[in-house]
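# Fold the following, please.
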Amino acid sequence: MADLFDNTPSPADNTPRPLADRLRPQTLAEVIGQEQVLGPESPLGVMLAAGSLGSIVFWGPPGVGKTTIARLLADATDLHFVQISAIFTGVPELRKVFEAAKLRRQQGHGTLLFVDEIHRFNKAQQDGFLPHMEDGTILLVGATTENPSFELNRALLSRSQVLVLERLSVDDLEKLATRAETMLDRKLPLDEGARHALIDMADGDGRALLNLIEQVMSWKIATPLGTDGLKTRLMKRAAQYDKSGDGHYNLISALHKSVRGSDPDAALYWFARMLDAGEDPRFLARRITRMAVEDIGLADPQAQAVCLDSWNTYERLGSPEGELALAQALIYLALAPKSNAAYVAYKAARRAAKDTGSLMPPKHILNAPTRLMKDQGYGTGYAYDHDAEDGFSGQDYFPEDMGRTRFYDPVDRGFERDMRKRVDYFARLRKQRTTD
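Model (predicted):
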């Protein structure tokens, strides 16, 4: 009788199996790609050579071999393989899994528990794995498409090694296609251009490629299809993108840093990637405006206005015409002079305000609407700047117990060149007035 949650197919099962399942590697050496994880000097290679496999969390996109590698690790270490999914498994099912693993351990057999989508478990459920990992009841191998740093408990991460699996390269996918042709004993009915297009449609996902190949191989075609014929019959696979997940933050980070790095072409590419994946243009308009404030600042004060105008244009035109206005704002920001001096100054002032607590302003700049306040010295000695010949009194406006502090240090780029001249000019006058 098969163990609970053991998904290994029965030898007598003659149900038709998908190509991706039939082509599943039988040894770790057959796995395509992931050399950084499976090579002789890689983390898994070293662990297997030493005969000491620890708990692991595989982090990577779909279709890159997480489940396959986990199953082959169980074979390589003579552990019983049990697979569950965090989406479909609750606390009662987990208890049964742990109880079965304890019985197996008493009989001298270890258990490799593979948990797909492990980030879907809540904190309490994740904590439930810890005692069984520590006493050796299970060797945990988790798989997640989300950043473990954000999605998994620190205690679970401290007992596991996170290994990053990468999307398959074009060469990797070509090897996979060749392997499929060998198993099916015939070539794909595609010309060279269409073959490249098919691989591109998979977008780094090996399982997706095999599913596409299975579709293509089922067609009754007299002559090989070209690229146009293939695209008529198949649609490009949707890009991997979750508007609330890791992909979202990766792409917006790439967009922001491309602008900061003064690369309009890269900025347009990431902008287009996010739009194609279904990102809300209003979110992008907001982030583009933030870039103007954070990274251009007073080096080009017009940048904010350009962003706000482009945002307003989008609201009036809508999609897709309005997105061109946002693209133009991106180009403007990427090529604008950069300065985060105002941003740095603001953060420094916030820290100083927090550190100095409730220090009073100096009395000479306080208003004195009552006699008592006048008697206390409020307003005494205040110099009205407009009465000075050059419109500058040079007085100190910081709390007396704090002393003058400089937060804003403009860069020598764009409009801030002029701002620096003004800062230096007033600094010289202030020094002159205080020494006179």
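# Setting aside sequence neighbours, what's the nearest residue to Thr111?
Excluding its sequence neighbours, the residue lying closest to Thr111 (CB to CB, 6 or more residues apart in numbering) is Ala101, at 4.1 Å. Heads up, the C-betas are built off the backbone N, CA and C, glycines and all.
# Flag every buried residue along the top helix by length along the chain.
Assignment by DSSP state H gives helix 416-435 as the longest helix of the chain. Buried positions in helix 416-435, judged by neighbour count with 16 or more other CB atoms under 10 Å: Glu416, Met419, Arg420, Arg430.
# still on that earlier bit, surely the residue nearest to Thr111 and Asp135 touch.
No: Ala101 lies out of contact with Asp135 (CB atoms under 8 Å); the separation is 10.4 Å.
# Look at these two and report which has more neighbours.
Legend: neighbour count by other CB atoms under 10 Å for Ala101 and Asp135, higher for Ala101 (24 against 10).
# returning to that earlier point: does the residue nearest to Thr111 belong to a helix or a strand, and which?
Counting by DSSP states H and E, the element that carries Ala101 is helix 91-106.
# Show me what counts as buried in that helix.
Leu94, Val97, Phe98, Ala100, Ala101, Arg104, Arg105.
# can you give me the angle the helix or strand following that helix makes with helix 91-106?
As assigned by DSSP H and E, the chain's next helix or strand after helix 91-106 is strand 111-116. Orientation check (axes from the mean of the first three to the mean of the last three CA atoms, to 10 degrees): strand 111-116 against helix 91-106 gives 150 degrees.
# Show residues contacting the helix or strand just after strand 111-116.
Next helix or strand after strand 111-116 toward the C-terminus (DSSP H and E): helix 123-127. Outside helix 123-127, the residues that touch it by CB atoms under 8 Å, 6 or more residues apart in numbering are Ala86, Val91, Leu94, Ile118, Leu152, Asn153, Ala155, Leu156.
# Grab the nearest non-local neighbour of Gln215.
Leu234 (6.9 Å).
# make that Cys307, sorry
Here the residue nearest Cys307, using CB to CB, 6+ apart, is Thr289, at 4.1 Å.
# Confirm that the one you found sits in a strand.
No: remark: Thr289 does not belong to a strand; assigned using DSSP: H, G, I helix; E, B strand; the rest coil, it is helix.
# Report the separation between Asp412 and Asp265.
According to CB to CB, to the nearest Å, Asp412 stands 27 Å off from Asp265.
# can you check Lys175 too?
Relative to Asp265, and taking CB to CB, Lys175 is found at 31 Å.
# More neighbours: which of those two?
Taking other CB under 10 Å, Lys175 and Asp265 do not tie; Lys175 has more neighbours (15 against 9).
# what sits against Tyr269?
Ser258.
# per-domain residue ranges of this protein.
19-164, 170-233, 246-335, 360-435 (automatic domain parsing).
# Quick one: closest of these to Tyr346.
For the domains of the chain, the distance to Tyr346 is smallest for domain 360-435, at 7.8 Å, taking CB to CB.
# Between the two ends of that closest one, how far is it?
End-to-end distance of domain 360-435 (CA to CA, to the nearest Å): 25 Å.
# Check stretch 314-323 too.
Per CA to CA, stretch 314-323 runs 6 Å from first to last residue.
# Relative to the whole chain's centre, how far out is that stretch?
A distance of 27 Å separates the centroid of the chain from that of stretch 314-323, by CA atoms, centre = their mean, to the nearest Å.
# Over to stretch 419-436?
With CA atoms, centre = their mean, you get 46 Å for stretch 419-436.
# Show residues contacting that stretch.
Leu298, Asp390, Phe392, Ser393, Gly394, Tyr408, Asp409, Pro410, Val411, Asp412.
# swap the cut-off to 10 Å and go again
For stretch 419-436, the surrounding residues in contact (CB atoms under 10 Å, 6 or more residues apart in numbering) are 297-299, 301, 339, 341-342, 383, 388, 390, 392-396, 404, 406, 408-413, 416.
# Would you agree Ala292 falls within a strand?
No: counting by three-state DSSP, Ala292 falls outside a strand, being helix.
# if we can go back for a sec, Val306: which of the buried residues of helix 91-106 is nearest?
Among those, and counting by CB to CB, the member closest to Val306 is Leu94, at 54.4 Å.
# just checking, the closest one touches Leu140?
No: using CB atoms under 10 Å, Leu94 is not in contact with Leu140, being 11.9 Å away.
# shared neighbours, those two?
Common neighbours of Leu94 and Leu140 (CB under 10 Å, 6+ apart) are Leu113, Val115, Phe129, His132.
# Now for the residue nearest to Thr111: which residues touch it?
By CB under 10 Å, 6+ apart, the neighbours of Ala101 are 3-4, 80, 82, 109-113, 132, 136-139.
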